[in-house]
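>>> sharing a model that was predicted from the sequence below.
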Amino acid sequence: MPFIFGLEIKAIDKPVKWSTKFLKQRIKSIFKASNSVYGLARIQKKLESEQLFYSRSYIAYLMQRMRFKNVLNCKLRVCTTDSNHSNLATENKLNRKFFNDILGEKMGV
């Protein structure tokens, strides 16, 4: 049996299924080695460094089929500010005039 990157290749008579199976094994090993952090772009770069050139859409398709999702996409948090706080605003040290009496007065300056 031939070995490529330490993986045993069994189905040599069917090159299409062999290449897909091999690519899935490489994607899985890269993804697991990165502790599920690497996303599509990094996996593609890693494969290109191993002289395996595949499109991003095909790698994304295989990752979806294997149900791989990187951890960083899951950590989206909504940030809101609390405008009803009891803290005091800083004093106006520059003596700026933030309010005007005439409409459009500050625009021309």
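That came through, no problem. Model, not experiment: these values are computed from the prediction.
>>> make it CA atoms for all contacts and neighbour counts henceforth
Will do.
>>> what residues of the helix or strand in which residue 46 is found count as buried?
When elements are defined using DSSP states H and E, residue 46 is found to belong to helix 40-49. By 16 or more other C-alpha atoms under 10 Å, the buried positions in helix 40-49 come out as 40, 43, 44, 46, 47.
>>> in the longest helix belonging to the chain, what counts as buried?
Identified as the longest helix of the chain according to DSSP state H is helix 15-33. Residues of helix 15-33 classed as buried: 22, 23, 24, 26, 27, 28, 30, 31 (neighbour count, 16+ other C-alpha under 10 Å).
>>> elements contacting that helix?
With contacts taken as 3 or more C-alpha pairs under 8 Å, 6 or more residues apart in numbering; DSSP states H and E, helix 15-33 sits against helix 40-49.
>>> among the buried residues of helix 15-33, which one lies nearest to residue 52?
Each of those was scored against residue 52 by C-alpha to C-alpha, and residue 23 proved nearest at 8.6 Å.
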